[in-house]
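Trainee: sequence? don't have it. structure:
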């Protein structure tokens, strides 16, 4: 009976979407925008900016995912991610209803809803590798240009065509901020420093800030950039060391889980006794 009612509910919801000519992507995008842009008092905004008040878990997850997508140049996929999240929310709740466990409905629904966001968070590892690889090239060519002309804005503009995401968006915003918003180079460097979570990039930005007071410190930039190459070599060696145990673990998991259906086909009595 629960399955029949569930199917009827799904049909009714689908009918409403068709009747009112509402796009599922637009619907979910508006829902998440309402969650992110809900009206707040000035006190709440000040507390969030000064880190006195923590953001809600849902809002923090959405903002972090948006930041990852924005920096990697995939911000257009956010509406699709929201639609998939809402679909999985409905699927999780439906599974719990079919199982006849009402207490499991919020757990399954919320858990399934966060799967797309957690997937993006998991891919941050590959995202950080891409950042390190791109920063190695970007910082090298920008540093070479800066050593020649001693003007960081000109150095970035000269090499803008050679940059790729995610470094491209960060340096593009840096140039736009100086030209259109605030000509203070030091403030722009400090703001750019927080855009990428990379220790070498932070050190490079700090060295550039110091160079604005003393141009003779520009010789410290080249050794900082060379750290990225050293880190890439070390990370490659560590990844090779970790890959073998990871492969063995995955193989054992497949064998253990594969024994369950195998036992069912070999001896159903044992299967029902053990399971």
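Mentor: Yep, it's here. All values derive from a computational prediction rather than experimental measurement.
Trainee: any idea how far residue 76 is from residue 22?
Mentor: Distance, residue 76 to residue 22, by CB to CB, to the nearest Å: 20 Å. Just so you know, the C-beta spots here come from the backbone N, C-alpha and C atoms, and that holds for glycine as well.
Trainee: give me every residue that touches the residue nearest the centre of the chain.
Mentor: Nearest to the geometric centre of the chain sits residue 68, at 3.3 Å (CA atoms, centre = their mean). By CB atoms under 8 Å, 6 or more residues apart in numbering, residue 68 lies in contact with 120, 121, 123, 124, 127.
Trainee: secondary structure element for the closest residue to residue 154 other than its chain neighbours, which one?
Mentor: Using CB to CB, 6 or more residues apart in numbering and skipping residues adjacent in sequence, the residue nearest residue 154 is residue 145, 7.4 Å away. Assigned by DSSP states H and E, residue 145 belongs to helix 124-149.
Trainee: quick check: angle from the longest helix seen in the chain to helix 124-149?
Mentor: Identified as the longest helix of the chain according to DSSP state H is helix 221-266. If you take axes from the mean of the first three to the mean of the last three CA atoms, to 10 degrees, helix 221-266 sits at 170 degrees to helix 124-149.
Trainee: following element in sequence after helix 221-266, please.
Mentor: helix 268-274.
Trainee: got a list of contacts for that next one?
Mentor: Residues outside helix 268-274 that contact it (CB under 8 Å, 6+ apart): 260, 263, 264.
Trainee: do you know how far residue 129 is from residue 135?
Mentor: 11 Å.
Trainee: follow-up on the earlier one: which of the contacts of residue 68 count as buried?
Mentor: 120, 127 (16 or more other CB atoms under 10 Å).
Trainee: from the contacts of residue 68, pick the one nearest residue 163.
Mentor: Lowest distance from residue 163 to the contacts of residue 68 (CB to CB) belongs to residue 127, with 16.4 Å.
Trainee: let me know whether that closest one touches residue 196 as I believe.
Mentor: No. Contact criterion CB atoms under 8 Å: residue 127 and residue 196 do not qualify, at 10.6 Å.
Trainee: neighbours around the residue nearest to residue 154, how many?
Mentor: 18 (other CB atoms under 10 Å).
Trainee: these two touch, right, it and residue 153?
Mentor: No. Judged on CB under 8 Å, residue 145 makes no contact with residue 153 at a distance of 10.7 Å.
Trainee: where does the stretch 101-250 of the chain dip in pLDDT?
Mentor: For the stretch 101-250 of the chain, the stretches with pLDDT under 70 are 125.
Trainee: figure out how far stretch 82-96 is from the centre of its chain.
Mentor: 21 Å (CA atoms, centre = their mean, to the nearest Å).
Trainee: ugh, wrong one, stretch 254-268
Mentor: Counting by CA atoms, centre = their mean, stretch 254-268 comes out at 37 Å from the chain centroid.
Trainee: circling back to that earlier point, packing partners of the longest helix of the chain?
Mentor: helix 124-149, helix 199-211, helix 268-274 (3 or more CB pairs under 8 Å, 6 or more residues apart in numbering; DSSP states H and E).
Trainee: in JSON lines: those helices, plus distance to residue 81.
Mentor: Shown next, in JSON lines, are the helices and strands packed on helix 221-266 (distance: least, CB to CB, whole Å):
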{"stretch": "helix 124-149", "distance to residue 81": "15"}
{"stretch": "helix 199-211", "distance to residue 81": "27"}
{"stretch": "helix 268-274", "distance to residue 81": "39"}
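Trainee: out of these, which gets nearest to residue 248?
Mentor: For residue 248, the closest of those is helix 124-149, at 20.0 Å, according to CB to CB.
Trainee: what's the following helix or strand after the closest one?
Mentor: helix 152-158.
Trainee: can you give me how far that next one is from the chain middle?
Mentor: Using CA atoms, centre = their mean, the offset of helix 152-158 from its chain centre is 28 Å.
Trainee: what of stretch 261-275?
Mentor: With CA atoms, centre = their mean as the basis, stretch 261-275 stands 42 Å off its chain's centre.
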